[in-house]
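S.K.: Give me a model of this one.
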Amino acid sequence: MTFFNFSKFSLFSIVFTVFFFASLPTIAKTTTEEHSLEDLVTNLAVVFSDIKQLYVDDVNDKELFDNAIKGMVSGLDPHSVYLEPKEQEDLMESASGKFGGLGIVISKKDDGIQVISPIDDTPAYKAGIQAGDLIVKIGNKPVPGMSLEDGVDLMRGEPGTKVEITISRKNQKPFKVEITREIITIVTVKGYLLEENIGYVRISSFQGPTAGLVKETISKLVKENKGYLESLVLDLRNNPGGVLSGAVDVSNLFIDKAGLVVYTKGRIPSSNLKFKTERGDVLLDSPMVVLINEGSASASEIVAGALQDHKRAVVMGSTSFGKGSVQTIVEMNKGYGLKVTTARYYTPNGRSIQAKGIVPDIELKNISLENEEEESVINIKENDLSGHLEQENPSTMSESEIIEAQEKNQASLDKKAIEKLKKDYFVHEATNLLKALTVLGK
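M.R.: Numbers count the residues shown, from 1 in each chain. Purely as a prediction, here's the structure:
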């Protein structure tokens, strides 16, 4: 792709160049319903000229053209973005799974910024930020009119620094939350044995190694259970998605018949892809429940949709987010980039995920089984942490004693997590259903 240094061009040169390209026969034939491409490019040139002559402040050519490109791209959908070098760098940093910030996945909604989901165990998660929350102010800056990239930039920062965000939540007055930034390192998979023969696996996001971690976690649960699992709860709530290959690989851990996991359709041939199932079920066809909610998006919707269409799992919860589009990153000169939507995702049975989401087989309301007076957050002290410093002189403890102490500490943490999960209404209902299915032999 060729870039022009517009600052070296006179306005006449720019307009002449635009008209020259617009007058080429192959381009002039391209039309919209009312205007030819030549008419549209003429309007662009006129607006450029009027702004240069009439706008209250002097605006340089680069800023005008950057803004024109940003407007053209952002007008397509909330996920298509023209990336300046810093924004391109931030995107690659996020993809690495480690960055400084609050730990939330956000999207544009109308003129505001909406939380798709908080990431497990991050500052935003601990501060009680919820899927569906609208961020109306960051610090003292109102969000209306702010780009998604500017919002991300304001919320990111050095670990240990604080940022105040104002939240609008359904049926509540707007309120402020002060959050301390941390290095966000995403732990994608956790697993617990809820009770004998019933496993629980939580996936917080999808990355390349996620399927391997899920398989390893299930193996540990089988070992802890001293026998194969008779049923499994797969928790994808507030999972904002991630890498497509991770979603396909996780789906294939549980599907044991020929078919598709997901397919994509776009305007160009390279956007039309089919991802097939691979035989082999790590659970040996034991009953499964997949939990989703409005914070489950993208890759998590692919997994839920695939297991639902193949009748491999019962999907419970609330309708998912509905982010069923594919973005492609195009690298440009001088560090610029273009993230553009190139296709839509479809479930094996041909259901479009985009703007519809995955509708659960069994819908659940978001209620709590906990006593309102009980503390809803598990408070973990220093002596709960695995590998914490003991009061005794380390030299008086053997290596085996230290390992045993660490295992006991971890067991204590796991016990607290399991107790909290059992008070989770979604998990409670999923467990009851799995017990019934196991009795019925389904």
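S.K.: Quick one: residues contacting Ser245.
M.R.: Going by C-beta atoms under 8 Å, 6 or more residues apart in numbering, Ser245 touches Gly208. For the C-beta atoms, the positions are set from N, CA and C on the backbone; glycine is no exception.
S.K.: Next, the buried residues of the strand or helix carrying it.
M.R.: Assigned by DSSP states H and E, Ser245 belongs to helix 244-252. By neighbour count with 16 or more other C-beta atoms under 10 Å, helix 244-252 contains the buried residues 244, 246-252.
S.K.: longest strand anywhere in the chain?
M.R.: Identified as the longest strand of the chain according to DSSP state E is strand 337-346.
S.K.: Just checking: what are the partner strands of the very next helix or strand once past it?
M.R.: Sequence order places strand 362-363 as the next helix or strand after strand 337-346, per DSSP H and E. Here strand 362-363 has these sheet partners by DSSP bridges: strand 314-317 (parallel).
S.K.: where's the helix or strand that comes right after the partner strand relative to the chain centroid, distance-wise?
M.R.: Counting by DSSP H and E, the next helix or strand C-terminal to strand 314-317 is strand 325-331. Distance of strand 325-331 from the chain centroid (C-alpha atoms, centre = their mean, to the nearest Å) equals 15 Å.
S.K.: Nearest residue to the middle of the chain?
M.R.: Centroid-nearest residue in the chain: Pro240, 2.4 Å away (criterion: C-alpha atoms, centre = their mean).
S.K.: which ones are touching that residue?
M.R.: 105, 116-117, 119, 205, 295, 297-298, 300.
S.K.: Could you tell me the end-to-end distance of stretch 271-282?
M.R.: One end of stretch 271-282 to the other measures 31 Å (C-alpha to C-alpha, to the nearest Å).
S.K.: heads up, I number from 240, so please use that
M.R.: Shifting the count to begin at 240 puts that one at stretch 510-521.
S.K.: Can you mark which positions in it are buried?
M.R.: Quick answer for stretch 510-521 (16+ other C-beta under 10 Å): 514, 516, 521.
S.K.: next one: phi and psi at the second one?
M.R.: The reference is to Thr516. Thr516 has phi and psi values of phi -80, psi 160 when expressed as degrees, to the nearest 10.
S.K.: Isn't it up against Lys496?
M.R.: Yes: assessed by C-beta atoms under 8 Å, Thr516 is found in contact with Lys496 at 6.7 Å.
S.K.: Overlap in contacts, these two.
M.R.: What both Thr516 and Lys496 touch, as defined by C-beta under 8 Å, 6+ apart, is the set His549.
S.K.: partners of the residue lying closest to the residue nearest to the centre of the chain once chain neighbours are set aside in the sheet?
M.R.: Setting aside the residues directly before and after it, Pro479 is nearest to Val344 in space (C-beta to C-beta, 6 or more residues apart in numbering), at 3.7 Å. Counting by DSSP bridges, Val344 forms beta bridges with Ser356.
S.K.: ok, Val344 - contacts?
M.R.: 354-358, 479-480, 536.
S.K.: switch the cut-off to 10 Å
M.R.: Counting by C-beta atoms under 10 Å, 6 or more residues apart in numbering, Val344 makes contact with 333, 353-358, 363, 370, 444, 477-481, 534, 536-537, 560, 562.
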